[in-house]
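> take this sequence and fold it.
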Amino acid sequence: MMVQIENFIIYIQSQMVFQRIFNLNISLYAQILLRTNKRKHITAYDLFRKRIIEEGHLINVTDRKIINLSTNKIWINLSPAEKGVFHNYAIQLRSIIEC
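Below you'll find the predicted structure:
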């Protein structure tokens, strides 16, 4: 399993994929949350994890343990500015769903 985690991390951190992680359609995600009535407190980490899960699905990585461990390792190594992108997304999303 450690090899699978490392391979997934390498995939996520490749330049093209890593840049794509930072693109999140807040309006679409808000519509999904509102439609499903799942209005929990959304954090930056939640949104980052959502993007990692989506990227995993593109290459058939669906094992929750691999996704969770990979997400944690990548998140820990993000810069404050990179985490800030997801923090801003979370603020935007909360402002939409709390209206």
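
> pull the helix or strand with minimum mean pLDDT from the chain.
The least trusted helix or strand in the chain, going by mean pLDDT, DSSP states H and E, turns out to be helix 26-36, with a mean of 87.

> so what's the gap between that one and the chain middle?
Relative to its chain's centre, helix 26-36 lies at 15 Å (C-alpha atoms, centre = their mean, to the nearest Å).

> before we move on, what about stretch 62-79?
9 Å.

> what angle separates the very next helix or strand once past the least confident helix or strand of the chain from helix 26-36?
Sequence-wise, the next helix or strand downstream of helix 26-36 (DSSP states H and E) is helix 44-58. Relative orientation of helix 44-58 and helix 26-36, computed by axes from the mean of the first three to the mean of the last three C-alpha atoms, to 10 degrees: 90 degrees.

> what comes up buried for helix 44-58?
If you call a residue buried by 16 or more other C-beta atoms under 10 Å, then helix 44-58 has these buried ones: 44, 47, 48, 49, 50, 51, 52, 55, 56. Where C-beta positions appear, they are placed from N, C-alpha and C, glycine not excepted.

> ok, and what's touching that helix?
8, 11-12, 17, 20-22, 24, 29, 62, 66-68, 70-71, 74-75, 78, 83, 86-87, 89-90, 93 (C-beta atoms under 8 Å, 6 or more residues apart in numbering).
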